[in-house]
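# Have a look at this prediction, sequence included:
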Amino acid sequence: MAPVRGDGMRGLAVFISDIRNCKSKESEVKRMNKELANIRSKFKGDKTLDGYQKKKYVCKLLFIFLLGHDIDFGHMEAVNLLSSNKYSEKQIGYLFISVLVNTNSDLIKLIIQSIKNDLQSRNPIHVNLALQCIANIGSQDMAEAFSNEIPKLLVSGDTMDVVKQSAALCLLRLFRTCPEIIPGGEWTSRIIHLLNDHHMGVVTAATSLIDALVKKNPEEYKGCVSLAVSRLSRIFTSSYTDLQDYTYYFVPAPWLSVKLLRLLQNYNPPTEDPGVRGRLNECLETILNKAQEPPKSKKVQHSNAKNAVLFEAINLIIHNDSEANLLVRACNQLGQFLSNRETNLRYLALESMCHLATSEFSHEAVKKHQEVVILSMKMEKDVSVRQQAVDLLYAMCDRSNAEEIVQEMLNYLETADYSIREEMVLKVAILAEKYATDFTWYVDVILNLIRIAGDYVSEEVWYRVIQIVINREEVQGYAAKTVFEALQAPACHENMVKVGGYILGEFGNLIAGDSRSAPMVQFKILHSKYHLCSSMTRALLLSTYIKFINLFPEIRGTIQDVFRQDSNIRSADAELQQRASEYLQLSIVASKDVLATVLEEMPSFPERESSILAVLKKKKPGRVPENEIKEAKSPVPNHNTQNQNNHATNNSNHTSDLLGLSTPPSQQQNSQSTLIDVLGDIYNQSSGVNNAKKFLFKNNGVLFENEMIQIGVKSEFRQNLGRLGLFYGNKTQVPLTNFQPVLQWNTEDSKNLNVQIKAVDSTLDAGAQIQQMLTAECIDSYSDSPSLQLSFRYNGTPQSFTIKLPLTVNKFFEPTEMNSESFFARWKNLGGEKQRAQKVFKAQLPLDLPGAKNKLSGFGVQLLEGIDPNPDNMVCAGIIHTQSHQVGCLLRLEPNKQAQMFRLTVRASKEQVTNEICNLLVDQF
């Protein structure tokens, strides 16, 4: 209140002093009520009050309101002050109105008229006061009342610079309330050209306004890009004297520079004009060069302003993601900040490098700073910086450094802050699964996670490791041995008991040959944890015990005694009581064959995306790349053998599923059939026809079938690796001899796609089925796909035919989520002659748009909804993973319903991929 006292309002100063000297709340209220009564009497009874007295009393009312008391009079006196020609009286009037007048007040029309009078004033101070009041109120009424005056003030050549500044900011405030206030047409160009104004203050205010307008209507205001680049260029090439009034601690116009750089981030790419793009790159290079220069001042204000511009420039470089040189230079500059003594700089550097790690151009440059980032994770004092270091390690991880990063994160997890442990657990689990080349390593990592941070291991994590172990035969014995050893620890987390119970119940027989892990030893170790566990875990262990009776009949009596214990069969928990009772009766009355059928191994789960990613995304929105998220909710793994029995007999409506993804119940086999179809009767089959073309859109099904043999395929792909299971079924009543599948894939092609095939028996018995495994590794992009020549003798007659294997390049796609802005920006970047391919073709069937969408999803790309303005058009995005590089690919399928035709456009960063994807998809719709 010092300025008010300086205006000579002694009565106001005395009143404030009295209020501050009050010893109690009651005395303060008493003094305030006395003053309010005095003011009310003056306003009502004294008709000779001059402007000074009105101002003084209005100030007192304003002070009382700011102390938290309601004011219900004095509004008209404040409105009267607006008509004063004295600045101090008009200022207090506007201040009172801005703070106390409700937008629904009856006085609003009087206020609007007074404001309009001031907007037409020749005094710029009065105009500014009016504009500030409009912005402070910022209501819909204000926007509608001044929708014509303020834009005219902004672009008028007669308006003073200081008024233009206020008009731009006032218009921005009203635009946020009422976006329709900004006129279009010729006004667009006039507003954009404010960026060329000679007054830097006007340019700064106009940039804020244009940035908001661009976010709402980017195409209409696209002309601002060239002017913004031009203004940036002038800032960074001008001498010190040119911008002397706007140089802050030797940094020219830092706030304007930051605003302009943010404005350009609304477009990707900012411009198609090579000249403008070249000038922008020169500006960005200049900023990076200046960052390397010695500081011109040791004051913190200098470094803050300089770094603010630098980080915004780096954000623009990351946003454009097209200039490899700039991205690498930005990464190197950020790397220097990792050792800076300023905590904020280290945090911002780590945060920006997280974004750089997702770019194909700068990923390798980020990896060079791995050791420093690991040190930051371990040694930083600030937990937020340590958290950011963990995020960066997660982002920079790939197949080459996954084991090292995962191990470092596991080591740190033992001493990590409790606030970040759960997130670290999720990230370690995701990285271990995503980059596991040997799933024994994955099992070790997850069990270590449970041992180190069991309380923070969510259900999704241990569900996932069980699913992977069940689906991969080669790791089952190792998992059983490892979890058995882990359970021997005196202190064992309950999650470890859950995993151990599930895995030993399924695969304990694989390690039972060793006396150290004999059946009774396995049972005793598990049961020693039983009394320490929750009811849910006890229920799972009871299911494990009944499985043991099937696997190890010699310990049946011991387990039956456990079922008979009062704590189980008479448990207060209904679930435990029911399981103990039913399992006991099952073990007594069921024959060996029935028991083996009911308690058979869990079937393989469908290969789906991990639900752990969805959990991480919910915990940290925005920190997980969209293209990795597949929402999935995981229920508790159902280890109830009765449900397994229901599944086997097809009486249940659902299957237990660790991932929470529905698996269709298996069809009952025809008892008269001699051939078991592992794939189910779910695909249309034609005798003697190779169905390879259909596998463009699916991974499982019947590849070939005639009257003698059926060949089925089950396949899975991860990054640049693939695995196929070929199932050969003999449909005849005689053996097929000299059975020999031979891979046909020339040496030159194998440099790009390395395929390994396991041998099979040379005789396929009548009605039998055998499996052959193939592994594939995509080294580089390729065309066509390998073939399999199958030869055998049937009743002494040689038979031979060649089948194309479903190993087309699209199998190595990873779906990629993109928003509209990112898609069309990347689409334009991939506009080179060799980067695009287009074909127009006749629809093979009547146009079926939902069917076409399903095919594209099955092709491996991500179908992007709401991107194309035409809702019938389908746009997709994906990344093809190879050992040497990643190839981004975009495609657009446009149907013509009248002509019954399609136009397919493919754009990719590699010519061979563009043509191959186009050739694969043509004529498939």
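Here it is on my side, so go on.
# can you give me the helices in the stretch 701-850 of the chain?
With DSSP state H, counting those that start in this stretch, the ranges of helices along the stretch 701-850 of the chain come out as 747-750, 820-829, 849-859.
# Show me the one of those helices that comes nearest residue 811.
helix 849-859 (9.6 Å; CB to CB). Bear in mind the C-beta positions are built from the backbone N, C-alpha and C, glycine included.
# Counting by contacts, list what the closest one packs against.
The contact analysis (3 or more CB pairs under 8 Å, 6 or more residues apart in numbering; DSSP states H and E) places helix 849-859 against strand 862-864, strand 874-881, strand 886-896.
# Turn the helices of the stretch 701-850 of the chain into JSON lines, columns for distance to residue 252.
Listed next are those as JSON lines, based on distance: least, CB to CB, whole Å:
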{"stretch": "helix 747-750", "distance to residue 252": "58"}
{"stretch": "helix 820-829", "distance to residue 252": "30"}
{"stretch": "helix 849-859", "distance to residue 252": "51"}
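# among the ones you listed, which is nearest residue 537?
With CB to CB, the closest approach to residue 537 among the helices of the stretch 701-850 of the chain belongs to helix 849-859: 38.6 Å.
# Give the burial count for residue 781, as a bare number.
Using other CB atoms under 10 Å, residue 781 has 22 neighbouring residues.
# And for the one 5 residues further on?
Here the count is done by other CB under 10 Å, and residue 786 has 19 residues near it.
# got the contact list for it?
With contact set as CB atoms under 8 Å, 6 or more residues apart in numbering, residue 786 has these partners: 743, 744, 745, 749, 753, 755, 804, 805, 807.
# Would you mind confirming that the last one is in contact with residue 775?
No - contact criterion CB atoms under 8 Å: residue 807 and residue 775 do not qualify, at 10.7 Å.
# So what's the residue count around residue 308?
18.
# show me what contacts it?
254, 258.
# switch to 10 Å and redo it
Going by CB atoms under 10 Å, 6 or more residues apart in numbering, residue 308 touches 248, 251, 254, 255, 257, 258, 261, 348.
# element containing it?
helix 300-320 (DSSP states H and E).
# gap between that helix and the chain center?
25 Å (CA atoms, centre = their mean, to the nearest Å).
# cool, stretch 166-184 as well?
33 Å.
# ok, now stretch 188-195?
36 Å.
# Need the CA coordinates for that stretch. CSV is fine.
What follows is stretch 188-195, C-alpha atoms only, in CSV (Å, rounded to 0.1, in the frame of the first residue of the first chain):
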residue,chain,number,x,y,z
THR,A,188,-5.4,-12.9,-40.4
SER,A,189,-2.7,-11.4,-42.6
ARG,A,190,-2.7,-8.1,-40.7
ILE,A,191,-2.3,-9.9,-37.3
ILE,A,192,0.5,-12.1,-38.7
HIS,A,193,2.4,-9.1,-40.0
LEU,A,194,2.7,-7.7,-36.5
LEU,A,195,5.7,-10.0,-36.3
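# out of the helices of the stretch 701-850 of the chain, nearest to residue 424?
Using CB to CB, the helices of the stretch 701-850 of the chain put helix 820-829 closest to residue 424, at 28.9 Å.
# For that closest one, buried residues please.
822, 823, 824, 825, 826, 827, 829 (16 or more other CB atoms under 10 Å).
# Comparing residue 807 and residue 775, which residue is more hemmed in?
residue 807 (25 against 13).
# Which two among the contacts of residue 308 are spaced furthest apart?
Top of the distance list for these (CB to CB): 248 and 348, 19.2 Å.
# Just the element for residue 556, please.
Residue-wise, residue 556 maps onto helix 556-564 under DSSP H and E.
# which element follows that helix toward the C-terminus?
Next element after helix 556-564 (DSSP H and E): helix 566-569.
# what helices or strands is that following helix leaning on?
helix 535-551, helix 556-564, helix 574-589 (3 or more CB pairs under 10 Å, 6 or more residues apart in numbering; DSSP states H and E).
# Show me how far it is from its chain's centre.
48 Å.
# Same question for stretch 858-870.
Worked out by CA atoms, centre = their mean, stretch 858-870 lies 17 Å from the chain centre.
# do the same with stretch 79-97
Stretch 79-97 has its C-alpha centroid displaced from the chain centroid by 52 Å (CA atoms, centre = their mean).
# looking at this structure, which helix or strand is least sure?
helix 641-648 (a mean of 38; mean pLDDT, DSSP states H and E).
# Model confidence at residue 364, what's the number?
Looking at residue 364, its pLDDT reads 91.
# ok so, going back, overlap of the contact sets of residue 807 and residue 775?
Residues touching both residue 807 and residue 775 (CB under 10 Å, 6+ apart): 722, 724, 755.
# What sits closest to the first one if chain neighbours are left out?
Looking back up the chat, that one is residue 722. Once flanking residues are discounted, residue 722 sits nearest to residue 776: 4.1 Å by CB to CB, 6 or more residues apart in numbering.
# residues in contact with the one you found?
Contact partners of residue 776, counting by CB under 10 Å, 6+ apart, are 715, 717, 720-724, 745, 753-757, 785-786, 805, 807, 811-812.
# residues near the nearest residue to residue 492 once chain neighbours are set aside, how many?
Nearest in space to residue 492, with sequence neighbours left out and distances taken as CB to CB, 6+ apart, is residue 529 at 6.0 Å. With neighbours defined by other CB under 10 Å, the count for residue 529 comes to 19.
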